[in-house]
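1. Provide a 3D model corresponding to the input given below.
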Amino acid sequence: MEILTCKRKGKHLERLLQQIINGISLGSIYALIALGYTMVYGIIKLINFAHSDIYMLGAYIGYFSMTTLKLGFIPSLLLSMVLCTITGVVIEKVAYKPLRHATRIAVLITAIGVSLFIEYTTMFIAGANVRSYPPMTGILAKSFMLGNINITMQQIMILGITIILMILLQFIVKKTKIGKAMRAVSLDSDAAELMGINVNTTISFTFALGSALAGAAGILVGIYYNSINPLMGMLPGIKAFIAAVFGGIGIIPGAMIGGYFIGIVEVLVSGYSNSLYRDGVVFAILILVLILKPAGLLGKNSREKV
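-> Numbers count the residues shown, from 1 in each chain. Now for the predicted structure:
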C-alpha cells in the first residue's frame with residue numbers, strides 16, 4: 001500500500017511539474033505582451049488596446065518570413081521585431097500624438113478603433129482563415145524526457161528568448177540615457193520637459209520597445225501553438241493586460257511576475273479541471289485584484305486626481 005501511495009504521489013508531482021513547465025512557456029508570452037501595456041501606461045497613462053494586434057502582426061510577419069521569404073527562425077524573429085517596432089511608432093505618431101492633451105475617453109476610443117482597424121485590415125490582406133506555421137526542423141524539433149516530464153526545445157527557446165529580452169529591457173530602462181528619460185517622463189512629464197528631455201521622442205521610444213516585444217511574442221506563439229488568425233490578439237491581449245494589472249500596471253517587474261502567474265494558473269486550470277473554465281478563472285483573478293489590491297502586487301495605492 002505504501003509503495004502504491006508513493007507511486008501515486010510521484011505521478012501527481014510529475015504531472016504538476018509538467019503543467020508548470022507548460023505554464024512557464026505560456027507565461028513568457030503573456031509577460032512579453034504585458035510589458036508593452038505596462039510601459040505605455042507608465043509613461044502616458046494610456047491603455048493601448050491596439051498593442052495586442054501588434055502581437056498578431058508579429059505572428060503574421062514571422063509566418064510570411066518563413067514561408068514566402070524562406071528565412072530561418074532567428075532572421076524571422078528579428079524582422080518581426082523591427083517591422084512591429086516601426087508599426088508601433090507609426091500608430092503613436094498618427095493616432096495618439098494628436099490626442100496627447102485630449103480626454104482619456106477620447107484616447108481610449110481611438111485605441112479601440114486602431115485595434116479594430118489593424119485586425120480587419122489584416123483580415124482583408126491575409127484572409128480570415130487560420131494559417132499553420134511551418135514545422136520546426138533541426139534542434140528546435142527535438143524534445144527530451146526528464147523522468148516522465150517532457151520538455152521541448154521550443155519551450156526552452158521561448159523561455160531563453162524571453163529572459164534575454166527582459167534583461168535587455170531592464171538594462172535599457174535602468175542604465176541608458178533614454179531609459180532615464182523614460183523614468184523621468186513617467187514620474188512627471190512637465191518637469192521632464194523643463195529639464196530638457198524630449199517627451200515626444202521618449203514616448204515614441206516607449207511604443208517602439210513595447211511593439212518590438214509584442215512582435216517577438218507573436219512569432220513565439222505561432223511556433224508554439226502552430227496556428228494564427230487575424231483575431232488571435234484579442235483574448236491573449238486581455239489576459240496580458242490582466243497580468244499587467246496583477247503585477248502593478250506601470251511597473252516592469254510586476255508585468256513579468258503577472259505574466260508568469262497568469263500563464264501557470266491558466267495551464268493548471270486546464271490540466272486539473274475543464275479547459276473551458278480557464279478564462280473565467282483569469283477574469284476572476286482580475287476582479288479579486290481590483291477589489292483587494294487595486295494597485296497590483298508591486299504597486300502602491302495612490303488616489304488619482306480627477
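2. roughly how far apart are the closest residue to Asn229 other than its chain neighbours and Leu169?
-> Excluding its sequence neighbours, the residue lying closest to Asn229 (C-beta to C-beta, 6 or more residues apart in numbering) is Val130, at 4.7 Å. (C-beta placed from N, C-alpha, C; glycine too.) Look at Val130 and Leu169: by C-beta to C-beta, to the nearest Å, they are 31 Å apart.
3. Show me which of these two is the more surrounded one.
-> Leu169 (21 against 10; other C-beta atoms under 10 Å).
4. tell me which element that one is part of?
-> According to DSSP states H and E, Leu169 maps onto helix 153-175.
5. And the next helix or strand past that helix?
-> Moving toward the C-terminus from helix 153-175, the next helix or strand (DSSP H and E) is helix 177-187.
6. just for the stretch 1-150 of the chain, where's the confidence low?
-> Residue ranges of the stretch 1-150 of the chain with pLDDT under 70: 1-10.
7. circling back: and the residue nearest to Asn229, its phi and psi?
-> Main-chain dihedrals, Val130, degrees, to the nearest 10: phi -70, psi 130.
8. for it, what are its contacts?
-> Applying C-beta atoms under 8 Å, 6 or more residues apart in numbering to Val130 gives the contacts 227-229.
9. just Ala34 next, same as before
-> 240-241, 243-244, 247, 255-256, 258-259.
10. which two in these are spaced the farthest apart?
-> Phe241 and Met256 (14.5 Å; C-beta to C-beta).
11. Quick one: the strands in the stretch 51-200 of the chain, in order.
-> In the stretch 51-200 of the chain, the strands defined using DSSP state E, counting those that start in this stretch lie at 131-132, 143-146, 149-152.
12. Can you check which of these gets nearest to Ile203?
-> Of all the strands of the stretch 51-200 of the chain, strand 131-132 comes closest under C-beta to C-beta, at 33.5 Å.
13. so how far is that closest one from its chain's centroid?
-> Strand 131-132 sits 21 Å away from the centroid of its parent chain (C-alpha atoms, centre = their mean, to the nearest Å).
14. That one: partners in the sheet, and parallel or antiparallel?
-> In the sheet, strand 131-132 lines up against strand 227-228 (antiparallel) (DSSP bridges).
15. By neighbour count, which of the contacts of Val130 wins?
-> Going by other C-beta under 10 Å, Ile228 tops those with 22 neighbours.
16. check contacts around it.
-> By C-beta under 8 Å, 6+ apart, Ile228 lies in contact with 56, 59-60, 63, 130-131, 133, 218, 221-222.
17. what does Ile112 give?
-> Applying C-beta under 8 Å, 6+ apart, we find Ile112 in contact with Phe49.
18. what separates it from Asp53, distance-wise?
-> 11 Å.
19. related to what we said a few turns ago, any chance of TSV for the contacts of Val130, columns distance to Ile197 and pLDDT?
-> Shown next, in TSV, are those (distance: C-beta to C-beta, whole Å; pLDDT from 0 to 100):
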residue	distance to Ile197	pLDDT
Ser227	43	87
Ile228	39	91
Asn229	41	91
